[in-house]
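Chemist: predicted model and sequence follow; I will ask about them next.
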Amino acid sequence: MTARRTITVPAPAGVVAEPLDAAPGAGGPVGAPSGASAPADLSVWPASAAEPRAGDLSVGGVPLAEVADRFGTPVYVLDEGEVRDRCRAYRRAFPEVEVLYAAKAFLCRAMVRWTGEEGLGLDVCSAGELELAVTSGFPADRIVLHGNAKSPQDLATALRLGVGRVVIDSTAEISRLAAALGPGDRQRVLVRVVPGIAAGGHAKIRTGTEDQQFGLSVRDGHAQHAIARVLDQPRLRLTGLHCHLGSQITEVKPYVTAVRRMVGLLARVRDQHGVVLPELDLGGGHGIAYRPGEPFLDPAVLGRRVRAELHAACAAAGLPVPRLIIEPGRAIAGPAGVAVYHVLAVKHTGDRTFVAVDGGMSDNPRPALYGVRYAPRLVGRDSGADPVPVTVVGRHCEAGDVLAEALLPADVRPGDLLAVPVAGAYHLAMASAYNMVGRPPVVAVRDGLARLLVRRESAADLASRDVGV
Ligand code: LLP
């Protein structure tokens, strides 16, 4: 009955990556038709998603309407099984590769535990993420610290907790890090370089070319200069090179090109300094489908192509094959999350219908930032009404607070529940308290049980920070 999504099957042939910046309104309304007769398309939902009864939708064996009843809305539902399956799929697709979960996509203590138990490492980019991971029991030596502007506190926390590797992202950081180390200490580091490859779903999340603030350019020689300086620092041990092309990349080709260029740079380091670096970190950025039919990057295909290219390029350069590191964030957390909202108002304006929900850009700023659109559907009630095009909007005081152009039953009304799939990455992680609306809770579902992971941010939480008069 349902179209099943699998993460080991490549995107359908002929599907062309649609840049996110072309997405606003593009392609018309998308969504699971919610009329009683139409079979639901669950291809972008967690694999556990099921319709026990018409109109009802469960994830991890728990009806979403029940989660909404018990925890209120808006609420984020995280399918533990889906997170774990995605971690396992990566480990299968990348044997002998160090897979780091990019914590910026979404982090809480449970995510720390699940990813750790599945054998992944962690990529963190602040003292906050690092501290949460280590105090939740994650081994510090399996953590890599990133950041183009690491604060003194970031570096001090990294050294205090014994972080595995620090990724150098500026020349100033080299001496700062070395100076912060005690006599006899030696910190493992990678140098982040810009390989000159344009890829990524939106201009704001492309980091593979020189026109942005991350990494050190190979083309203008800053990368080579930083590598030489790190090699000169007795307190730093350069274990390899890093690059991150961007995010929401749905093609394999940029990664294959990156492998070739990075191996070329490893060969130059060997020729110039007589040093063979044992590690190569290719970053993350693996794209996912937000709406049925959108392209995504299959980790199995990526793993095969990248490893084949790595072996070929190293053989050609006469280098031993370095240990590969990858940093997927979105592809692990994104499809495991579902946001559930109540409809608060339905408004007909001219020929448009606006369906307003009790969340919006404060819990999901992605539509406003990148023009992304989602595919919400009605849950908790079986409507026989025909699907009609509607614009799903948030509750915030901006006309840009638009979540979706969707097809919803014509009788959609206040009190209905809407569920938005693919809400696990860069939603809550980027949430704000705009309009003093507290951030939603996170509820884990698994084997028919729901449990609270992160509680709702209350008005009292917000007021408690306000200590002036
Ligand atoms: N490694 C590094 C160094 C990164 O900067 C990032 C993401 C990742 C790994 C993980 O990338 P992923 O696999 O999740 O694509 N807020 C944006 C995405 C920003 C990504 C920032 N860096 C969004 O909502 O699309």
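Modeler: Received, thanks. Residues are numbered from 1 along each chain as shown.
Chemist: mind checking the longest helix of the protein?
Modeler: helix 253-273 (DSSP state H).
Chemist: give me the mean pLDDT for that one.
Modeler: Over the span of helix 253-273, the pLDDT mean works out to 98.
Chemist: now do that helix: everything it contacts.
Modeler: Outside helix 253-273, the residues that touch it by CB atoms under 8 Å, 6 or more residues apart in numbering are 193, 195-199, 208, 218, 223-224, 227-228, 231, 241, 243, 245, 249, 275-277, 280, 282, 302, 305-306, 309-310, 313-314, 317-319, 322. For every residue, glycine as well, the C-beta is placed using N, CA and C.
Chemist: likewise for stretch 138-158?
Modeler: 100, 112, 116, 121-127, 130-131, 133-134, 161-167, 169-170, 173, 176-177, 180, 190, 192, 213-215, 281, 325, 327.
Chemist: among those residues, the buried ones, what's the ChimeraX command?
Modeler: The following ChimeraX selection, which keeps only the buried ones among these, applies the criterion 16 or more other CB atoms under 10 Å:
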select :100,112,116,121,122,123,124,125,126,127,130,133,134,161,163,164,165,166,167,169,170,173,177,180,190,192,214,215,281,325,327
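Chemist: any idea of the pLDDT on the nearest residue to residue 411 once chain neighbours are set aside?
Modeler: In space, residue 411 comes closest to residue 385 once its chain neighbours are excluded; the distance is 4.1 Å by CB to CB, 6 or more residues apart in numbering. We note a pLDDT of 97 for residue 385 in this prediction.
Chemist: returning to what we had before: residues of the longest helix of the chain that come out buried?
Modeler: Counting neighbours by 16+ other CB under 10 Å, one finds that the buried residues in helix 253-273 are 254-263, 265-267, 269.
Chemist: quick one: which of these is nearest the ligand?
Modeler: Minimum separation from the ligand among the buried residues of helix 253-273 (CB to the nearest ligand atom) is found for residue 255, which lies at 11.7 Å.
Chemist: distance of that closest one from residue 142?
Modeler: Residue 255 sits at a distance of 23 Å from residue 142 (criterion: CB to CB, to the nearest Å).
Chemist: list the single closest residue to the one residue in the stretch 151-300 of the chain that gets nearest to the ligand in space, sequence neighbours excluded.
Modeler: Evaluated by CB to the nearest ligand atom, the stretch 151-300 of the chain has residue 284 as its residue closest to the ligand, separated by 3.0 Å. Taking CB to CB, 6+ apart, and ignoring the residues beside it in sequence, residue 284 has residue 327 as its nearest neighbour in space, at 3.9 Å.
Chemist: got a list of what the one you found touches?
Modeler: Taking CB under 8 Å, 6+ apart as the definition of contact, the neighbours of residue 327 are 100-102, 123, 144, 244, 281-284.
Chemist: tell me which stretches of this protein form helices.
Modeler: Chain-ordered helices for the chain, with DSSP H as the definition, fall at 64-71, 80-93, 109-117, 127-135, 152-161, 171-180, 222-232, 253-273, 299-317, 330-333, 366-370, 459-464.
Chemist: give me the contact list for the first one.
Modeler: Residues outside helix 64-71 that contact it (CB under 8 Å, 6+ apart): 56-58, 75, 77, 338, 340, 342, 379-380, 417, 419, 441, 443, 445, 450, 452, 456.
Chemist: can you pull the residues of the stretch 251-400 of the chain lying near the ligand?
Modeler: Applying the criterion CB under 6 Å from any ligand atom, the portion of the stretch 251-400 of the chain that neighbours the ligand consists of 283-286, 327-331, 366, 370.
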